[in-house]
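*Asks:* Kindly return the folded structure for what I paste below:
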Amino acid sequence: MVISSVTGITAPATTNEVPVNTIDTAVARQVESKKSVREIEGMLGTEQYVRQYFSDIPIMIAIARCESHFRQLDPDGEIHRGQKNNADVGVMQINEFYHGKTADRKDYNIYTIEGNTAYARDLYERQGTEPWSSSKACWGKYQEANKSLALNSK
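*Replies:* Predicted structure coming up:
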């Protein structure tokens, strides 16, 4: 089965984008574990949304890949939660405990992809990549490869 023709994932057009394999590792795992086409399409839809939303901040695309493998929801339709910390939610793994009240006050619903990514952008503009420092071992290689990815990193 040729996954790239099904998924439509291609390599980045410019060097400022986060490098992408022809097929994302998360998608490959989904196929290997015989996940349904609907589940795979859901992941791809979320990935496409994140790529478009953060096209001006490519490091956030790398962070989403590392934090959630581009998942806002799990296959059962529930909000995707962190493996290490159940309070981390959604595609950008926003922590409910630390950010829930601020997100609510700013009218961001972190349980929707729109609110989760919008709050992540707000957080990035205030604190750079620091809130995602626990996963830097994963996304830091993209930052090092292209310093322009995270002009606001700390």
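
*Asks:* Could you count how many residues lie near the nearest residue to Gly90 once chain neighbours are set aside?
*Replies:* Leaving aside its chain neighbours, Gly90 sits nearest to Asn116 (3.7 Å; criterion: CB to CB, 6 or more residues apart in numbering). For the C-beta atoms, the positions are set from N, CA and C on the backbone; glycine is no exception. The number of residues packed near Asn116 is 27, by other CB atoms under 10 Å.

*Asks:* cool, and Asp56?
*Replies:* By other CB under 10 Å, 8 other residues sit near Asp56.

*Asks:* Give me the distance between it and Glu125.
*Replies:* With distances taken as CB to CB, to the nearest Å, Asp56 is found 11 Å from Glu125.

*Asks:* Output the below-cut-off pLDDT ranges for the chain.
*Replies:* The model of the chain has pLDDT under 70 over residues 1-44, 144-154.

*Asks:* quick one: the strands in it?
*Replies:* Under the criterion DSSP state E, the chain carries strands at the ranges 88-89, 94-95.

*Asks:* can you give me the helices in the protein?
*Replies:* Residue ranges of the helices in the chain, as given by DSSP state H, are 3-7, 25-32, 37-53, 58-68, 96-105, 113-127, 136-145.

*Asks:* The fourth one - contacts with which helices or strands?
*Replies:* When you say that, I think you mean helix 58-68. Judged by 3 or more CB pairs under 8 Å, 6 or more residues apart in numbering; DSSP states H and E, helix 58-68 is in contact with helix 37-53, helix 113-127, helix 136-145.

*Asks:* relative to helix 58-68, how tilted is the last one?
*Replies:* Helix 136-145 runs at 160 degrees relative to helix 58-68, counting by axes from the mean of the first three to the mean of the last three CA atoms, to 10 degrees.

*Asks:* Okay, buried residues for helix 136-145 please.
*Replies:* Residues of helix 136-145 classed as buried: 139-140, 142-143 (neighbour count, 16 or more other CB atoms under 10 Å).
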